[in-house]
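A.B. asks: Sequence plus the predicted model coming up.
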Amino acid sequence: MTVRHLTALPLILALLNGCAVGPDFEAPKPPAVDGYGKDIAPPPAGGTTQTLAFGQDVAGDWWHLFQSEPLNALVRQALANNPTIAAGQAALRQARENVAAQQGFYYPSVSGGIEASRNLTPLAALSPTGPNGNPYYSLITPQLNVSFVPDVFGANRRAVESLQAQADSQRFMLEATWVTLTSNIVAAAIQEASLRGQIEAVEQTVRIENSLLTILRNQQRFGQASGSDVAAQEAALALAQQQLPPLRKQLAQQRDALIALAGRFPDDDIAQTFDLTAFRLPAELPVSLPADLVKQRPDVRQAEENLHAASANIGQAVAARLPQITLTAQVGNSAGSPGNLFTPATNFWSVTGGLTQPLFDGFMLMHRQRAAQAAFDQAAAEYKSTVLTAFQNVADALRALQSDADAVNAAAAAEQAAGRSLEIARKQLQLGQVAYLALLNAQNAYAQAQLSQVQASALRLADTAALFQALGGGWWHRAPDPDAGP
């Protein structure tokens, strides 16, 4: 083949490939909404004032805003060791290799082979093939086979398009795994800190109730307290002690969850421990615009790529009902000995072209096309559902932060009031105006107020982390995974 023919080969292949039938995919437009709720407002002040920065971008390492170095270190360990990340990376590599494999159908398939045989001519039916009359002869046949299926109606292009969309869907699934893992670590660390704070508050309550029981028993011996008072206090102590085992069990299980998130076994503990003093509440919270949210949420992007793949599958189903063209060629030599392989009159070649048009298949291809269209409708509905869930998540997080700020304010006011009551009881005890029992009651009320304050503060931290997750987690700022392939 001349250089001119080689130059024209891509053009010939392009003409044979024709155009792709079926719908050309268009990404859905962002929903025409302006916000996440008419009554969404910045959270009121509560311990630390938080403000909403509408339109501000989410940082890729948003957990740094909690200013906890143990948390930062644990997130780094989890991202390096958690097997869900490695599984997502492997799945993405697999999807990309499937795309590359399908792209191979754009080109001719070339194979080579050689056959050698020793034969006996049936002299009663045929004359010997050789000139010397010997009925035995050998045949050596090396040949080159070329086959090509022109993509006239774009069936292969739609197949590549579908697989590429599936690979992109897998990439966004990996990003969702990354966001979920980091969010789960932050939530688990906050939950551990909350449980430690609750245990400390309950232990203080138990100490107070125990001291109160001791006083009442002493008063009973001197006739200053009744048996019913002692029995009531024993019940109060038992109720306080009853709160500790479930909290300690939750703390142990939460610890196991943190260890597993870090990619370790239960007997390989992590160095980090968390209490509420290790976290700082982020003062400024980014809130993405609704038009940006659909681009940032990896689950929305994954649903969009699933819709894209379903659209391409319609094109494949349409192309399957149209004529299929096949081109094949063979070239080779056939001789009785290796030395004669390339002598004149031993070579052969053939070129074949075929066209196949489905005529009747029991309406199989028609129903497959309809099934592909129904799958597209299903993917479109699932995409809309995913978008609705994304907006709901952000709205829920914003409303939760408003409620959390109110709860923190109320808990802080209750703690301050209980603290003032405790201080007054202490001064009155010093002046002899009240019995020690009044002081212990004030201490008990203060411990309960501290427990409520711990729970409210931890919930506010957790809902702040939930807002970052609902906004997409900033995955678009992180560096590409080298283990996920190019």
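C.D. replies: That came in fine, so what should we check first?
A.B. asks: Now do the helices in the chain.
C.D. replies: Secondary structure of the chain by DSSP state H: the helices cover 3-17, 69-81, 83-103, 155-221, 227-242, 244-261, 290-296, 298-319, 364-430, 436-470.
A.B. asks: Low-confidence regions, the chain specifically.
C.D. replies: Of all residues in the chain, those with pLDDT under 70 make up the ranges 1-18, 40-48, 129-131, 426, 429-432, 434, 436, 481-486.
A.B. asks: highest average neighbour count across the helices of the chain?
C.D. replies: Across the helices of the chain, averaging neighbours per residue (mean count of other CB atoms under 10 Å) puts helix 298-319 on top, at a mean of 23. C-betas here are computed from N, CA, C, even on glycine.
A.B. asks: Dump the helices of the chain to CSV, plus distance to G336.
C.D. replies: CSV is the format used below for the helices of the chain (distance: least, CB to CB, whole Å):
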stretch, distance to G336
helix 3-17, 34
helix 69-81, 66
helix 83-103, 41
helix 155-221, 42
helix 227-242, 99
helix 244-261, 72
helix 290-296, 70
helix 298-319, 47
helix 364-430, 49
helix 436-470, 76
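A.B. asks: Compare those and report which one is nearest to F348.
C.D. replies: Of all those, the one in closest proximity to F348, counting by CB to CB, is helix 3-17 (21.7 Å).
A.B. asks: Got the phi and psi for the residue nearest to A59 when sequence neighbours are not counted?
C.D. replies: By the measure of CB to CB, 6 or more residues apart in numbering, the closest residue to A59 outside its immediate chain neighbours is G474, 5.2 Å from it. In terms of degrees, to the nearest 10, the main-chain angles of G474 are phi 70, psi 20.
A.B. asks: And the one 5 residues further on, by the same measure?
C.D. replies: With angles defined as degrees, to the nearest 10, A479 shows backbone torsions of phi -70, psi 150.
A.B. asks: Can you tell me how far it is from Q94?
C.D. replies: Taking CB to CB, to the nearest Å as the criterion, A479 is separated from Q94 by 22 Å.
A.B. asks: Also D256?
C.D. replies: When CB to CB is applied, the distance between D256 and Q94 equals 31 Å.
A.B. asks: Check D292 too.
C.D. replies: Applying CB to CB, one obtains 31 Å for the distance of D292 from Q94.
A.B. asks: With Q302 instead?
C.D. replies: When Q302 is compared with Q94 (using CB to CB), they lie 16 Å apart.
A.B. asks: Next: A252.
C.D. replies: Computed with CB to CB, the distance linking A252 and Q94 is 38 Å.
A.B. asks: for the helices of the chain, which one sits closest to F274?
C.D. replies: Counting by CB to CB, F274 lies closest to helix 155-221 out of the helices of the chain; the figure is 4.2 Å.
A.B. asks: who does the closest one touch, helix- and strand-wise?
C.D. replies: Packed against helix 155-221, as judged by 3 or more CB pairs under 8 Å, 6 or more residues apart in numbering; DSSP states H and E, are the following elements: helix 69-81, helix 83-103, helix 227-242, helix 244-261, helix 298-319, helix 436-470.
A.B. asks: how much distance is there from it to the middle of the chain?
C.D. replies: The gap between the average C-alpha position of helix 155-221 and the chain average comes to 18 Å, counting by CA atoms, centre = their mean, to the nearest Å.
A.B. asks: and the residue nearest to A59, how many residues sit next to it?
C.D. replies: The criterion is other CB atoms under 10 Å. On that basis, G474 has 21 neighbouring residues.
A.B. asks: my guess is it contacts W62, does it?
C.D. replies: Yes - in terms of CB atoms under 8 Å, G474 counts as a neighbour of W62; the distance is 5.5 Å.
A.B. asks: Who are the contact partners of N441?
C.D. replies: Residues in contact with N441 (CB atoms under 8 Å, 6 or more residues apart in numbering) are 212, 425.
A.B. asks: again, only this time at 10 Å
C.D. replies: Residues counted as contacts of N441 (CB atoms under 10 Å, 6 or more residues apart in numbering) are 208, 212, 421-422, 425, 434-435.
A.B. asks: Equivalent analysis for Y36, please.
C.D. replies: When contacts are taken as CB under 10 Å, 6+ apart, Y36 is in contact with 54, 287-288, 290, 293, 391-399, 470.
A.B. asks: what separates it from E175, distance-wise?
C.D. replies: 22 Å.
A.B. asks: quick one, phi/psi of L471?
C.D. replies: As for L471, its main-chain torsions (degrees, to the nearest 10) stand at phi -80, psi 0.
A.B. asks: What count of nearby residues applies to P128?
C.D. replies: P128: 13 surrounding residues under other CB under 10 Å.
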